[in-house]
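Visitor: Here is a sequence with its predicted model. Questions after.
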Amino acid sequence: MQDVLPTNQDIKEMLGTEKYNVWECICNLIESLYEMDILRKNTSWNNWKYEHKYRRGGKTLCTLYAKDNCFCLQLVFGKAERDKFENEQHTYSEEIQSIYNNSTTYHDGKWMSFEPDISQLEDIGRLLRIKRRPNKK
(Lines give C-alpha, C1' and ligand atoms only; values in the text may rest on other atoms or scores of the structure.)
Protein backbone atom coordinates (compact mmCIF):
# COMPACT_ATOMS: atom_id res chain seq x y z
CA MET A 1 0.00 0.00 0.00
CA GLN A 2 1.33 3.44 -0.95
CA ASP A 3 1.68 6.21 1.60
CA VAL A 4 -0.64 9.15 1.08
CA LEU A 5 1.55 12.22 1.32
CA PRO A 6 0.19 15.33 2.99
CA THR A 7 -0.94 18.20 0.78
CA ASN A 8 0.23 21.76 1.42
CA GLN A 9 -3.10 22.32 3.20
CA ASP A 10 -2.45 19.26 5.40
CA ILE A 11 0.99 20.64 6.30
CA LYS A 12 -0.53 24.05 7.04
CA GLU A 13 -3.05 22.41 9.38
CA MET A 14 -0.28 20.33 10.99
CA LEU A 15 2.01 23.31 11.61
CA GLY A 16 -0.46 26.14 12.08
CA THR A 17 -0.56 29.23 9.89
CA GLU A 18 2.41 31.10 11.37
CA LYS A 19 4.84 28.18 11.21
CA TYR A 20 3.54 27.13 7.81
CA ASN A 21 4.31 30.63 6.49
CA VAL A 22 7.94 30.19 7.59
CA TRP A 23 8.01 26.67 6.05
CA GLU A 24 6.67 28.10 2.79
CA CYS A 25 9.21 30.97 2.77
CA ILE A 26 12.07 28.50 3.23
CA CYS A 27 10.76 26.23 0.44
CA ASN A 28 10.30 29.25 -1.85
CA LEU A 29 13.83 30.45 -1.08
CA ILE A 30 15.33 27.06 -1.88
CA GLU A 31 13.26 26.60 -5.03
CA SER A 32 14.19 30.10 -6.27
CA LEU A 33 17.92 29.34 -5.96
CA TYR A 34 18.20 25.65 -6.78
CA GLU A 35 17.03 23.11 -9.31
CA MET A 36 16.59 20.16 -6.96
CA ASP A 37 14.80 16.88 -6.61
CA ILE A 38 12.29 17.07 -3.78
CA LEU A 39 11.87 13.81 -1.92
CA ARG A 40 8.72 13.72 0.16
CA LYS A 41 7.77 10.94 2.53
CA ASN A 42 5.94 10.16 5.71
CA THR A 43 8.32 9.25 8.50
CA SER A 44 8.36 8.24 12.12
CA TRP A 45 12.06 9.01 12.51
CA ASN A 46 12.73 10.91 15.72
CA ASN A 47 8.96 11.44 16.24
CA TRP A 48 8.55 13.49 13.04
CA LYS A 49 5.55 12.83 10.78
CA TYR A 50 6.75 14.17 7.44
CA GLU A 51 10.09 14.61 5.66
CA HIS A 52 10.69 17.08 2.79
CA LYS A 53 14.22 16.65 1.41
CA TYR A 54 16.01 18.75 -1.23
CA ARG A 55 18.55 16.63 -3.07
CA ARG A 56 20.56 16.64 -6.30
CA GLY A 57 23.21 14.32 -7.67
CA GLY A 58 23.02 12.02 -4.66
CA LYS A 59 23.73 14.86 -2.21
CA THR A 60 21.26 16.40 0.19
CA LEU A 61 21.10 20.18 0.42
CA CYS A 62 18.77 20.21 3.43
CA THR A 63 15.76 18.50 4.93
CA LEU A 64 12.62 19.88 6.52
CA TYR A 65 10.81 17.72 9.09
CA ALA A 66 7.27 18.41 10.31
CA LYS A 67 4.96 17.26 13.09
CA ASP A 68 2.08 18.84 14.97
CA ASN A 69 2.82 22.54 15.64
CA CYS A 70 6.53 22.11 14.96
CA PHE A 71 9.07 21.77 12.16
CA CYS A 72 12.81 21.83 11.83
CA LEU A 73 15.38 22.54 9.17
CA GLN A 74 18.33 20.18 9.08
CA LEU A 75 21.65 21.05 7.43
CA VAL A 76 24.74 18.87 7.63
CA PHE A 77 28.10 20.59 7.10
CA GLY A 78 31.15 18.54 6.15
CA LYS A 79 34.71 19.62 7.00
CA ALA A 80 35.15 22.16 4.18
CA GLU A 81 31.71 23.65 4.86
CA ARG A 82 32.46 23.92 8.58
CA ASP A 83 35.73 25.71 7.81
CA LYS A 84 33.94 28.17 5.54
CA PHE A 85 31.21 28.86 8.11
CA GLU A 86 33.70 29.25 10.96
CA ASN A 87 35.71 31.80 8.93
CA GLU A 88 32.63 34.00 8.55
CA GLN A 89 30.71 32.94 11.66
CA HIS A 90 30.90 36.42 13.20
CA THR A 91 28.76 37.79 10.33
CA TYR A 92 25.79 35.57 11.25
CA SER A 93 23.13 36.32 13.86
CA GLU A 94 23.85 35.24 17.42
CA GLU A 95 21.02 32.70 17.14
CA ILE A 96 22.57 30.98 14.12
CA GLN A 97 26.02 31.06 15.74
CA SER A 98 24.57 29.45 18.87
CA ILE A 99 22.74 26.79 16.83
CA TYR A 100 25.98 25.97 15.02
CA ASN A 101 28.13 25.95 18.16
CA ASN A 102 25.66 23.71 20.03
CA SER A 103 25.16 21.24 17.17
CA THR A 104 26.68 17.79 17.38
CA THR A 105 29.58 16.82 15.13
CA TYR A 106 29.52 13.23 13.89
CA HIS A 107 31.94 11.37 11.63
CA ASP A 108 30.15 12.73 8.55
CA GLY A 109 29.73 16.34 9.61
CA LYS A 110 28.09 18.84 11.92
CA TRP A 111 24.34 18.26 12.08
CA MET A 112 22.40 21.49 12.57
CA SER A 113 18.71 20.92 13.27
CA PHE A 114 16.61 23.84 14.41
CA GLU A 115 13.15 25.34 14.20
CA PRO A 116 13.69 28.43 12.08
CA ASP A 117 11.77 31.65 12.25
CA ILE A 118 11.23 34.28 9.58
CA SER A 119 13.98 36.54 10.97
CA GLN A 120 16.58 33.89 10.07
CA LEU A 121 15.68 33.66 6.38
CA GLU A 122 18.69 35.67 5.17
CA ASP A 123 21.10 33.60 7.27
CA ILE A 124 19.44 30.39 6.06
CA GLY A 125 20.06 31.50 2.48
CA ARG A 126 23.72 32.06 3.30
CA LEU A 127 23.99 28.65 5.00
CA LEU A 128 22.48 27.00 1.92
CA ARG A 129 25.03 28.77 -0.29
CA ILE A 130 27.82 27.30 1.82
CA LYS A 131 26.35 23.84 1.18
CA ARG A 132 25.92 24.36 -2.55
CA ARG A 133 26.24 27.19 -5.05
CA PRO A 134 22.83 28.16 -6.49
CA ASN A 135 22.23 26.50 -9.86
CA LYS A 136 19.19 28.41 -11.10
CA LYS A 137 19.68 31.19 -13.59
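Guide: Yep, that arrived.
Visitor: now the strands: where do they sit in this protein?
Guide: Taking DSSP state E as the criterion, the chain contains strands spanning 37-42, 50-56, 59-67, 70-77, 104-106, 109-114.
Visitor: what comes into contact with the shortest one?
Guide: Around strand 104-106, the neighbours that count as contacts under Cβ atoms under 8 Å, 6 or more residues apart in numbering are 82, 110-111. Where C-beta positions appear, they are placed from N, C-alpha and C, glycine not excepted.
Visitor: Please name whichever of the strands of the chain is nearest to D10.
Guide: D10 sits nearest to strand 50-56 of all the strands of the chain, at 8.6 Å, using Cβ to Cβ.
Visitor: How about residues contacting that closest one?
Guide: Residues from elsewhere that reach strand 50-56, judged by Cβ under 8 Å, 6+ apart: 5-6, 11, 14, 27, 30, 34-43, 45, 60-67, 132, 135.
Visitor: cutoff 7 Å now
Guide: Surrounding strand 50-56, the residues in contact under the criterion Cβ atoms under 7 Å, 6 or more residues apart in numbering are 6, 11, 30, 34, 36-43, 60-66.
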